[in-house]
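Participant: please find the sequence and the predicted model below.
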Amino acid sequence: MFDNGGAAPKERAEGEAPRHLRVTGGAQLSGAIDVKTSKNACVALLCASLLNRGTTTLRRVARIEEVNRILRVLASMGVRYEWIEQDLRLTPPERLDLTRIDADAARRTRSIIMFLGPLLHEYPEFELPFAGGCELGDRTVEPHMVALRRFGLAVETSGGAYCATVKDRVDPPGTIVLTERGDTVTENAIMAAARFPAVTVIRNASCNYMVQDLCFFLEHLGVRIDGAGTTTITVHGREDLDADVDYAPSEDPIEAWSLISAAIVTESEITVRRVPMEFTEIELALAEEMGLVYTRSPEYLAENGRTRLADLTVRPSRLRAPMDKIHPMPFPGLNIDNLPFFALLASCAEGSTMIHDWVYENRAIYLTELNRLGARVRLLDPHRLHVEGPVEWAGAEVTCPPALRPAVVLLLGMLRARGTSELRHINVIHRGYEHLAERLQLLGAEIEHI
Ligand SMILES: CC(=O)N[C@H]1[C@@H](OP(=O)(O)OP(=O)(O)OC[C@H]2O[C@@H](n3ccc(=O)[nH]c3=O)[C@H](O)[C@@H]2O)O[C@H](CO)[C@@H](O)[C@@H]1O
Ligand SMILES: C=C(OP(=O)(O)O)C(=O)O
């Protein structure tokens, strides 16, 4: 079982006061809740704002730590930003100051890696602190280098930083074949291509939600993109991008699935509004096979005019274990970040479920923490879990693991657990969720900050 001896997860910002929750389990939830915009699209768009010499306005940006961290980094480079209620307006300086980057904020996020694609256009030499974030095991940066090398970027690592140099003249890359269908690597390649005055074809591209939002945003900025939402993306780059652009990123499929999981685990009827259907339908199909009962509203479009949304009403359901193992895939597939929630569903289901997280070395292990609440989760190896259900959930005191989704899974387990639980060092949850505890309270969950 994972144990950090009660120590604060490293992911928590230095100096930030630790926060803890007390949860009294067993309450039925009811009502409706809106899904907020996605962390992963918002951070990609913040990075993409560096491509634009004009003002970038992003609508309804989630107020989460990951966004704050990137904003701190942008501000340390001279970008001015202001919140206008829920919207965020970013104005770049004439020239960025790359000498005083807020390294503390940068090292707490992996998204900093997405500065490489935008910065290589204007800055022949620059340094970026190493990318960090949740402790999920090694996460490669090599596929990013393979793609960005074609735009003249060379990176050496020294003293905890990426030292980047960019060649003066490079031949148009033409076609780039990504070695992995990763989300941020696809975004980096798209952002590099957006200001390269040629047509670049990116193959084996991710077609995931954040990549789609980035493509739609760049289209607003005047970049023609063919094939958004497919694995071949063609970017018609332009040397200069200078427009006052206004864009509304779409809703977060991971938050949507977290809220649906909250309803399932507490056997409640709640309506989760603004669910991005294209990015949750595999999860829904699988949960339906497990016995989930829900209804859905007719579809409508998100504010970006492209993403299909619907309101889902989840009803108390008797779950059974699926016949086959559950494993994630690059989109279209069960989302890698939604996989941890299936440990929770499997614990509510009759029978035994195998969960295979081939992606991260260090994420499945954190799910064994559910055992403190009475779950029967067995780690077969760093990637495979065996989950027995249904279980009698019982309250316990647990420290959040240094990983966003497993921490939320524990919180949701506590909503079900008999008696009182304490979830300690919940700061990690704020990286990706805005006021999650408060919003669950509004649905009737008994949660208090301690
Ligand atoms: C800011 C952002 O958007 N973050 C998301 C993005 O991170 P990001 O794009 O940074 O994901 P990584 O590049 O770390 O990829 C995750 C892992 O999957 C492996 N891999 C990925 C694709 C592939 O085709 N083959 C393969 O083996 C990578 O080697 C790595 O070990 O995608 C991850 C995987 O969906 C999500 O968990 C993150 O929430
Ligand atoms: C792993 C995640 O994201 P990131 O790439 O920001 O670490 C996540 O959202 O669960």
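Facilitator: Great, that's in hand. Ligands and ions are numbered 1, 2, ... in the order given.

Participant: from here on, contacts and neighbour counts on C-alpha atoms
Facilitator: Fine.

Participant: ok, now which ones touch the residue nearest to residue 266 when sequence neighbours are not counted?
Facilitator: Sequence neighbours aside, residue 416 is the residue nearest to residue 266 in space, at 5.3 Å (criterion: C-alpha to C-alpha, 6 or more residues apart in numbering). With contacts taken as C-alpha atoms under 8 Å, 6 or more residues apart in numbering, residue 416 has the following neighbours: 25-27, 265-266, 393.

Participant: how about the helices in the stretch 201-350 of the chain?
Facilitator: Counting by DSSP state H, counting those that start in this stretch, the stretch 201-350 of the chain has helices at residues 209-220, 253-265, 281-289, 339-348.

Participant: just checking, residue 88 touches residue 58?
Facilitator: Yes - in this structure residue 88 lies within contact range of residue 58 using C-alpha atoms under 8 Å: 5.2 Å.

Participant: which residues do those two both contact?
Facilitator: Joint contacts of residue 88 and residue 58 (C-alpha under 8 Å, 6+ apart) do not exist.

Participant: end to end, how far does stretch 220-237 reach?
Facilitator: Using C-alpha to C-alpha, to the nearest Å, the end-to-end distance of stretch 220-237 comes out at 13 Å.

Participant: which residues sit against that stretch?
Facilitator: 52, 190, 193-209, 211-212, 215-216, 218-219, 238, 241-243, 245-247.

Participant: mind listing what's buried along that stretch?
Facilitator: Within stretch 220-237, the residues scored as buried using 16 or more other C-alpha atoms under 10 Å are 221-225, 227-237.

Participant: wait, does it contact ligand 1?
Facilitator: No - between stretch 220-237 and ligand 1, judged by C-alpha under 6 Å from any ligand atom, nothing touches; the nearest distance is 11.1 Å.

Participant: so for that stretch, mean pLDDT?
Facilitator: In this model, stretch 220-237 has a mean pLDDT of 98.

Participant: ok, now stretch 244-264?
Facilitator: 98.

Participant: please apply the same query to stretch 343-351.
Facilitator: Here the average pLDDT along stretch 343-351 is 98.

Participant: how far away from the center of its chain is that stretch?
Facilitator: Its chain's average C-alpha position is 24 Å from that of stretch 343-351, according to C-alpha atoms, centre = their mean, to the nearest Å.

Participant: start the count at 561, not 1, going forward
Facilitator: That works, and once the first residue is 561, the last one we named lands at stretch 903-911.

Participant: show me what from the stretch 911-1010 of the chain comes close to ligand 1.
Facilitator: Counting by C-alpha under 6 Å from any ligand atom, the stretch 911-1010 of the chain sits next to ligand 1 at 919-920.

Participant: and the residue of the stretch 911-1010 of the chain that's closest to ligand 1?
Facilitator: Closest residue of the stretch 911-1010 of the chain to ligand 1, C-alpha to the nearest ligand atom: residue 919 (4.6 Å).

Participant: would you agree that residue is in contact with residue 896?
Facilitator: Yes - counting by C-alpha under 8 Å, residue 896 is a contact partner of residue 919 at 7.4 Å.

Participant: that older thread, so which of the helices of the stretch 761-910 of the chain gets nearest ligand 2?
Facilitator: Here helix 813-825 is closest among these (C-alpha to the nearest ligand atom), at 7.7 Å.

Participant: tell me if the closest one is near ligand 2.
Facilitator: No - applying C-alpha under 6 Å from any ligand atom, one finds helix 813-825 out of contact with ligand 2, separated by at least 7.7 Å.

Participant: ok, so of the buried residues of stretch 780-797, who is nearest residue 859?
Facilitator: residue 789 (18.6 Å; C-alpha to C-alpha).

Participant: what's the burial count for residue 734?
Facilitator: 13 (other C-alpha atoms under 10 Å).

Participant: domain assignment for this structure?
Facilitator: 581-596+811-1009, 599-807 (automatic domain parsing).

Participant: next, count neighbours for residue 622.
Facilitator: Neighbour tally, residue 622, other C-alpha under 10 Å: 25.

Participant: that one touches residue 601, doesn't it?
Facilitator: No - when contacts are counted by C-alpha under 8 Å, residue 622 is not listed as touching residue 601 (10.2 Å).

Participant: so what's the residue in the chain that ligand 2 sits nearest to up against?
Facilitator: Per C-alpha to the nearest ligand atom, residue 897 is where the chain lies closest to ligand 2, at 4.9 Å. Going by C-alpha under 8 Å, 6+ apart, residue 897 touches 814, 965.
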